[in-house]
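**Q** The amino acid sequence is not available; the structure is as follows:
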DNA sequence: GGTTATCAGTTGATGTATCAACTCAAGGTA
DNA sequence: TACCTTGAGTTGATACATCAACTGATAACC
């Protein structure tokens, strides 16, 4: 695994600078988003994504593994999180009728109401930190760039549309 | 704090798409990097950054708060992490001579050797996932974009150079 | 038709992050 | 000098993520 040190193509100055900026972004942005959501709504960003993923699905329902993919998390993580959300009665779970292995999660009315309340603040934060910081052109560039990187990181999920 | 729902400027289609791509990136990339480092070297990405930050400092030493800023983490987080690194004898800590409040962390020879061993694999992964996924032009765009977002998220740290 | 394999999810142990409370040192201030 | 204040780090409780082991249901095979 560890190749010899002299064989390594170290990063050039510009490459390093770009990478450090991206690394900074990866560290700081999730924290900032989590902070706002936690403070204003008592939600994790991941929990928010779960609720949002359910809210935009037919019948506000979605099977667990599908939801995990949407929220970019492992099935295990999702299971723990949904358990918590269930305790808050934002979500209910039940096995699918046709296949007993499958669990379907459904957003309750209370969960939907909670999401509707949390959404504006979150969207405003995303706008403030990301969208409004960039020109429309940069935003388009960003999407292309992020998708290309994602393709390498996780070839299984080529990205929507 | 929670503004009325109708006042919210929701995200346009393109904005949403770009944001979802970025969100996916923020979730997946850290995990992928952590995975490689953990598997090949038993290091967190954060721990790696701490060691790397020390290695490139004069005397391989740096005060804690400075190091925390470099690694994009809180002082508390750094303190915990350095304690662990100290237990592995990769780092030592001692109070500064002139000011007893300040703690200086120093990379040991063992820590340096360990970093030298871990670096090639990490750099190769960064290259594979990020650098080589993009054209030089995109890389330049990415740096600009990331810096602009970072400026909003954390105005205190305008970014290097 | 019974056995085995695979799939979807869950659970519990462990490790790590986070927050608030704390310690200890240095600067003021009177 | 005694007192308060601020700054730098540490610590411990709690919450969350991760991994491996597990359960139960369906599908595949002979």
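**A** Looks like it came in fine. If you're wondering where the values come from, they're calculated on a predicted model, not measured in any experiment.
**Q** list the buried ones in stretch A:36-44?
**A** Residues of stretch A:36-44 classed as buried by neighbour count (16 or more other C-beta atoms under 10 Å in any protein chain shown): A:36-37, A:40-41, A:43. Any C-beta I mention is one placed from the backbone N, CA and C, and that applies to glycine too.
**Q** quick check, it touching DNA strand C?
**A** Yes. Against DNA strand C, stretch A:36-44 shows contacts by C-beta under 7 Å from any atom of the strand at residue A:38.
**Q** Report whether that stretch contacts DNA strand D.
**A** Yes. Residues of stretch A:36-44 contacting DNA strand D under C-beta under 7 Å from any atom of the strand: residue A:44.
**Q** How far does that stretch sit from its chain's centre?
**A** The chain centre lies 15 Å from the centre of stretch A:36-44; the measure is C-alpha atoms, centre = their mean, to the nearest Å.
**Q** Excluding chain neighbours, what is closest to whichever residue of chain A sits closest to DNA strand C?
**A** Relative to DNA strand C, the nearest point of chain A is residue A:65 (2.9 Å; C-beta to the nearest atom of the strand). Once flanking residues are discounted, residue A:65 sits nearest to residue A:75: 5.7 Å by C-beta to C-beta, 6 or more residues apart in numbering or on different chains.
**Q** so who does that neighbour touch?
**A** Contacts of residue A:75 were listed using C-beta atoms under 8 Å, 6 or more residues apart in numbering or on different chains, and they are A:64-65, A:68.
**Q** By neighbour count, which of the residues you listed wins?
**A** The most crowded member of the contacts of residue A:75, judged by other C-beta atoms under 10 Å in any protein chain shown, is residue A:68 (21 neighbours).
**Q** which secondary structure elements does the host helix or strand of the residue of chain A closest to DNA strand C contact?
**A** If you go by DSSP states H and E, residue A:65 is part of helix A:64-70. In terms of contacts (3 or more C-beta pairs under 8 Å, 6 or more residues apart in numbering or on different chains; DSSP states H and E), helix A:64-70 is packed against helix A:45-55, helix A:75-87, strand A:103-107.
**Q** what sits up against that helix?
**A** With C-beta under 8 Å, 6+ apart as the test, helix A:64-70 has contacts from A:49-50, A:53-54, A:62, A:74-75, A:77-79, A:82, A:93, A:102-105, A:157.
**Q** Now do the contacts for the spatially most central residue of chain A.
**A** Per C-alpha atoms, centre = their mean, the C-alpha nearest to the average position across chain A is that of residue A:71, at 4.5 Å. Counting by C-beta under 8 Å, 6+ apart, residue A:71 touches A:46, A:49-50, A:53, A:78.
**Q** Lovely, talk soon.
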